Every structure is written in C-alpha cells, then in structure tokens.
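> got a predicted structure plus its sequence, pasted below:
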Amino acid sequence: MSRNTLRTRLVLIGLALIAALAGTWGLINVRAIATYNEATRTLNTSIGQARNPQADPAAIKALQDQADRLFAQAARPGPLLLPKTRQAAQANQATSTALTQRTERVLKKQQADKTKNEQGGKSGSGKGASSGLTKQQEAEVEDLLKRNQEQSDPSSSPSPTGNTGGHQDREKNVKPW
C-alpha cells in the first residue's frame, strides 16, 4: 500500500509543479499584456499630440521615451509570451520607435534653427536687418534708418518762425508713412 501512496504523491507533486509553472507563465503573460496596454495608451497619446502642429516636441519625446521603455519591458519575457501578444508588442514597438526617431529629428531641427537664429542675431545689427539680406542691402537699410532718424530729430525740423530753408526743407521732412 505504501507503493500506491508513494506513486500518488509523486503524481500529485508533478501536477502541482506543472500547475505552478502554468500559473507563473500565465502571470508573466498577464503582466506583459498589462504593460503592453499601458505602452499602447502612451503611444496613442503621443500620436495624437504629434498630429497637432502646435504640440511641444519635447513633451512628445518624453512620452515616447516612456512608451519605448514600457514596450521593452513588455517584450522582456520573449519566448514566454503568447505569440499574438509578442507580435502585437513588436508591431507597436516598431511604430513607437519610428515616432521617436521622427520626434528626435524635429527636436534637432528646432535646436539647429534656434542656434542659427541666436547666432544670426548676435552677428547682425540687432535690429533684424540681417535676416536674409546681402551686405549691400544691409548697408542701404542702415543708411535709410540713419537718414530717417536724422529727419525725425526735433533739431532738424522747421522752427515755429518758419525761416529754415523754404520749400526744399518741407519736402525733405515729408515721411512716406
């Protein structure tokens, strides 16, 4: 009788081990699916923001970093995942990676434009005259600004007595605006 109980015990221990392994496998998949769902929500939020031209690329980048980490965490169990879960996670991770790369390009372009604008503002006259103008055009603009400023000085305007030079001075003080 002890042989039968020993066999029964061994079979029950084997079944318990199989049940424990199946439970662990199920928990791993449930956790991966929950992480995958959270990553997908974050990705959808990022995509929604990326469609808005007024959205801040830095905020999108932060969301994308979070989504990428979550997708990596969801895919970590690898072969233990159910095939459909693994395939869906890989597909969304590829989409997330593409959006991350696009966002990084936009951020780099913005930083380059900002640097270019800052350098252009420092090397120019400070009045915005150096935006796409040649040196000759910049000189002409500066000359026009100086002449305009000289004309608008109170010392060069006609005096109340009226004896400042006649008709020519009045034409000189006429402003086009």
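Right, received. Where do you want to start? Just so it is clear, the structure is predicted and the values come from calculations on it, not from any experiment.
> now for the one helix or strand residue 4 maps to, which elements pack on it?
Element membership of residue 4, judged by DSSP states H and E, is helix 2-51. In terms of contacts (3 or more CB pairs under 8 Å, 6 or more residues apart in numbering; DSSP states H and E), helix 2-51 is packed against helix 57-75, helix 83-123. Every C-beta, even on glycine, is put in place using the N, C-alpha and C of the backbone.
> pick the most deeply packed of these.
Highest mean neighbour count of the helices and strands packed on helix 2-51: helix 57-75, a mean of 19 (counted as mean count of other CB atoms under 10 Å).
> so for that one, mean pLDDT?
Summarised as a single mean, pLDDT over helix 57-75 is 92.
> tell me what it is packed against?
By 3+ CB pairs under 8 Å, 6+ apart, helix 57-75 packs against helix 2-51, helix 83-123.
> helix or strand next in line after the last one, which one?
Past helix 83-123, further along toward the C-terminus, the next helix or strand under DSSP H and E is helix 135-152.
> tell me which residues in that next one are buried?
Buried residues in helix 135-152, defined by neighbour count with 16 or more other CB atoms under 10 Å: 138, 141.
> residue contacts, the residue nearest in space to the middle of the chain?
Closest to where the C-alpha atoms of the chain average out (CA atoms, centre = their mean) is residue 57, at 1.7 Å. Counting by CB atoms under 8 Å, 6 or more residues apart in numbering, residue 57 makes contact with 103, 106, 107, 110.
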